[in-house]
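*Asks:* Here is a sequence together with a model predicted from it:
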Amino acid sequence: MEAAIYNRNLDAVKYLSSIDAAHKVSVRFNALTGQWQRTEVNIPPAELACGVADFETMAFLLERYPDEKPNYTNCLHYLVASLSYYPSGHFFILKNPAPTFRNGENTAVAVQKIIDLGGEPNTQPEYGVPMYNSVLSSNTNDLLVTLLKNGMDANTQFSCLYGKCMFLTKLGNYLDETQSSERAKILVKYGADVNATHDTPVIIGLDASGSYLYEKRSMTPLHDAEFFDKKILAATLIDLGADPAHKNADGYTADGYAGKFAKIKALYEKQVAINQQRAAQAQKNKDSGGSFGGSILDVMGAIGAGGLY
């Protein structure tokens, strides 16, 4: 039953129900750490159908199993939180475009339907990952606007990798500054505090493998925009009321963070190139039966110069 629902195959669902196949399902989700997890096999099938925005199948399952009521808050969070990985598999392998139900507009329509059924955007789900860390992953602003119109707190602090994040303070992470600026305006319109200061994960350097290192630092949206050198976003935030003289808990203005990420990124790109060279040399030596001596270029000692205060 679970596979049939994930594949949005109503005919298969109807067949399985006709032979009285087990109908409770397990919901799989990708935790913030990147590790896959599953619930126990105790989720109403209509709840999973709701979570993959297959409302026709959900309606059939509600009629077939009337005592198995979905928790609409759970499926609201699941629908949004799985933006980055469901559906995947054969869609990506075959290089097919994402199904139309997963475009920004249709995801927002599905979210509105679930909220109308009783989904609560400010209530935590009973399982899986809360949706907030994925809201800005949509390719349009429709999802963000729909959630805010239905009461989602624009100032909510939510779990993200290595700590807590806020919507405004996350905008600097995205490449499209025009869209990030539009989203800043939307968030402030719905009550986001443009000068909110909070501890959030910040890239401070690289580890021995060349991966980014994070530490919690006191940041505002403007600090974050300056850190990533997003000048258009920074100007928008100032127009919206961000105070360039505002200091974080460490006593630094946003200007003190300007361009910091560029220095770390340069080290990162250098380390990636070194790792690729080492891998190529190791393969060459393996093919020739030799061994590889030498050492990694000592870029790690320079990390402090590229990191934060």
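*Replies:* Sure thing, it's come through.
*Asks:* and stretch 58-71, average pLDDT?
*Replies:* Averaged over stretch 58-71, pLDDT sits at 98.
*Asks:* In this structure, which residue is most central in space?
*Replies:* residue 134 (3.6 Å; C-alpha atoms, centre = their mean).
*Asks:* Was I right to think residue 87 contacts residue 102?
*Replies:* Yes - with contact defined as C-beta atoms under 8 Å, residue 87 reaches residue 102; the gap is 7.0 Å. For every residue, glycine as well, the C-beta is placed using N, CA and C.
*Asks:* Please say which of these two ends up with more neighbours.
*Replies:* Between residue 87 and residue 102, residue 102 has the larger neighbour count (other C-beta atoms under 10 Å), namely 20 against 17.
*Asks:* now stretch 61-81: how far from the chain's centre is it?
*Replies:* Centroid separation for stretch 61-81 versus its chain: 22 Å, with C-alpha atoms, centre = their mean, to the nearest Å.
*Asks:* oh, I was asking about stretch 152-162
*Replies:* 11 Å.
*Asks:* Flag every buried residue along it.
*Replies:* 152-154, 156-158, 160, 162 (16 or more other C-beta atoms under 10 Å).
*Asks:* Can I get it as PDB, trimmed to CA atoms?
*Replies:* Written as PDB, here are the backbone C-alpha positions of stretch 152-162 (Å, rounded to 0.1, in the frame of the first residue of the first chain):
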ATOM      1  CA  MET A 152       2.500  31.200   9.800                       C
ATOM      2  CA  ASP A 153       4.700  33.200  12.100                       C
ATOM      3  CA  ALA A 154       7.100  35.200  10.000                       C
ATOM      4  CA  ASN A 155       9.500  35.400  13.000                       C
ATOM      5  CA  THR A 156       9.500  31.700  13.900                       C
ATOM      6  CA  GLN A 157      12.800  30.200  14.900                       C
ATOM      7  CA  PHE A 158      13.100  26.700  13.400                       C
ATOM      8  CA  SER A 159      15.600  23.800  13.500                       C
ATOM      9  CA  CYS A 160      18.100  23.800  10.700                       C
ATOM     10  CA  LEU A 161      21.500  22.100  10.200                       C
ATOM     11  CA  TYR A 162      23.600  22.800  13.300                       C
END
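*Asks:* Show me what it is in contact with.
*Replies:* Applying C-beta atoms under 8 Å, 6 or more residues apart in numbering, the contact partners of stretch 152-162 are 32-33, 121-122, 129-130, 132-133, 148, 164-168, 170, 187-188, 190-193, 196, 198, 200-201, 214, 216.
*Asks:* Give the other helices and strands that the strand or helix carrying residue 285 contacts.
*Replies:* Per DSSP states H and E: residue 285 is located in helix 260-288. For helix 260-288, the packing partners by 3 or more C-beta pairs under 8 Å, 6 or more residues apart in numbering; DSSP states H and E come out as strand 198-206, helix 303-306.
*Asks:* Can you identify the element that follows the first one toward the C-terminus?
*Replies:* Downstream of strand 198-206, the first helix or strand assigned by DSSP H and E is strand 212-219.
*Asks:* Of the contacts of stretch 152-162, which belong to helices?
*Replies:* Under the assignment DSSP state H, the contacts of stretch 152-162 contribute 148, 167-168, 170, 187-188 to helices.
*Asks:* Closest to residue 271 out of these?
*Replies:* For those, the minimum distance to residue 271 (C-beta to C-beta) is 25.0 Å, reached by residue 170.
*Asks:* OK, contacts around the residue nearest to the centre of the chain?
*Replies:* 80-84.
*Asks:* Recalculate using a threshold of 6 Å.
*Replies:* Contacts for residue 134 (C-beta atoms under 6 Å, 6 or more residues apart in numbering) come out as 80-81, 83.
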